[in-house]
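**Student:** what follows is a predicted structure for the sequence shown.
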Amino acid sequence: MLSAGSVPIVSGPPIIIGPPIIVPLPVLPPPLPIVNGIEINAEIIHAKAGVAFSGSVASFKLIPSPVATNSPAPKLTGTINWGDGSSSAATLVRDPAGFTHVDGTHTYSTPGTYTTTITISRFPLIQSTTSAANKPTVIGSAHGKAVVSGTPVVGGVTPGGVNFNATVNKAFTGTVASLTFKVPPGNTGVVVYTAFINWGDGTSSEGQFVDNAAGSSDVTGTHTYSTAGKFAVEVLVTSGPRPGSLALFPTRILAEISSVANVTDATPTTLNPGSAGGPVKVVVGSPSTGAARTGKLRLRGNSAGRSNRHHHS
């Protein structure tokens, strides 16, 4: 008999337990990168033919991912295409503000304006056993400009360009190009406009924007030439995000204009002797018009051996 509280044993066919059921664990995705993208600001560089340029050609800032991860910082690499058929690896230098500068060294052999291409790539965070999978992936690129000067050359004037006159060793200030659009007053918005002037004698400077009668803007600049001749003046106008802003758009080239500077020596003063005892003619040429002005200069001695000068125009 079964006692109270006991469990009856019921005989029957044995219970067969099959092979264990294996539930696969979910495959975790690779760590998320710490960046969502990249913002590259290409620069306008100025170089001289035959002389090595060394410096920054662009800068960029990584855009953080909204998903916080413990992933390591990405390994980046950069390449610079100099626009003259040659390329080289870039040196990436990060500053305390979080911007990375793309530095490079190159020597241009011929004066001119070249389009540079800066490419930034990232290596995989997790290295694969397949070498092909370990190649870097391009995450951003941008185009810049290299303005390379050389010996003075005679250039042509393109639309918007001007022929202007200047005098050796005398500061020229005036219009070097006219635009078909108007730069916003003050140039203080998120978009900043910049004008670069290559004066054709191995020097360059930043220009200024002024309104003109046509309702658009002119580019003006100040420069002093040290030698006479005709110089090809190149004006490059760009727009881009104001430094320090969070705007995510690249630097764009809005205009490339060629002008010509006609630089002459200051016309010397010439003395044409008059007849014996007569007045001396003074001929002074105007540097701007070349027109001559004639006057008379009489020299009269005095008792002290000095002369009193009287000018009659």
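**Tutor:** Received, thanks.
**Student:** C-alpha only now, for contacts and for neighbours.
**Tutor:** Fine.
**Student:** okay, residue 189 and residue 239: tell me how far apart.
**Tutor:** Counting by C-alpha to C-alpha, to the nearest Å, the gap from residue 189 to residue 239 is 11 Å.
**Student:** which one of those two has more residues nearby?
**Tutor:** A count of neighbours by other C-alpha atoms under 10 Å puts residue 239 above the other of residue 189 and residue 239, at 18 against 11.
**Student:** is it true that that one touches residue 194?
**Tutor:** Yes. Contact criterion C-alpha atoms under 8 Å: residue 239 and residue 194 qualify, at 6.4 Å.
**Student:** overlap in contacts, these two.
**Tutor:** Counting by C-alpha atoms under 8 Å, 6 or more residues apart in numbering, residue 239 and residue 194 have no contacts in common.
**Student:** residues in contact with residue 114?
**Tutor:** 82-84, 145-148.
**Student:** neighbours of the residue lying closest to residue 105 once chain neighbours are set aside, how many?
**Tutor:** Spatial nearest neighbour of residue 105, excluding adjacent residues (C-alpha to C-alpha, 6 or more residues apart in numbering): residue 54 at 4.3 Å. Counted with other C-alpha under 10 Å, residues neighbouring residue 54 total 13.
**Student:** residues contacting residue 54?
**Tutor:** Contacts for residue 54 (C-alpha under 8 Å, 6+ apart) come out as 103-106.
**Student:** please apply the same query to residue 238.
**Tutor:** 193-195, 251-255.
**Student:** repeat that with 7 Å
**Tutor:** Applying C-alpha atoms under 7 Å, 6 or more residues apart in numbering to residue 238 gives the contacts 193-195, 251-254.
**Student:** same question for residue 199.
**Tutor:** 232-234.
**Student:** quick one: which helix or strand includes residue 176?
**Tutor:** Following DSSP states H and E, one finds residue 176 within strand 172-178.
**Student:** who touches that strand?
**Tutor:** With C-alpha under 7 Å, 6+ apart as the test, strand 172-178 has contacts from 160-162, 166, 217-224, 257, 259.
**Student:** and whichever strand or helix holds residue 142, what's buried?
**Tutor:** According to DSSP H and E, residue 142 maps onto strand 137-149. Within strand 137-149, the residues scored as buried using 16 or more other C-alpha atoms under 10 Å are 140-149.
**Student:** next structured bit after the strand holding residue 176?
**Tutor:** strand 191-198.
**Student:** quick check: neighbours of that following strand in the sheet, parallel or antiparallel?
**Tutor:** Here strand 191-198 is paired, per DSSP bridges, with strand 204-206 (antiparallel), strand 229-241 (antiparallel).
**Student:** hey, where'd the strands end up in the stretch 51-200 of the chain?
**Tutor:** All strands of the stretch 51-200 of the chain, identified by DSSP state E, counting those that start in this stretch, fall at 53-64, 76-81, 87-89, 91-94, 100-106, 112-122, 137-149, 163-167, 172-178, 191-198.
**Student:** need the winner for burial among the strands paired with strand 191-198.
**Tutor:** Of the strands paired with strand 191-198, the one with the most neighbours on average (mean count of other C-alpha atoms under 10 Å) is strand 229-241, at a mean of 22.
**Student:** what mean pLDDT does that one have?
**Tutor:** The average pLDDT for strand 229-241 rounds to 86.
**Student:** what's the angle from that strand to strand 112-122?
**Tutor:** Angle, strand 229-241 to strand 112-122, by axes from the mean of the first three to the mean of the last three C-alpha atoms, to 10 degrees: 30 degrees.
**Student:** which residues does residue 253 form beta bridges with?
**Tutor:** Under the criterion used (DSSP bridges), residue 253 bridges to residue 238.
**Student:** for residue 227, see how far away it is.
**Tutor:** Remark: distance between residue 253 and residue 227 (C-alpha to C-alpha) = 31 Å.
**Student:** so for these two, which residue has more residues nearby?
**Tutor:** Neighbour count, other C-alpha under 10 Å: between residue 253 and residue 227, residue 253 has more, with 17 against 14.
**Student:** what residues does the more buried one make contact with?
**Tutor:** By C-alpha under 7 Å, 6+ apart, the residues touching residue 253 are 237-239.
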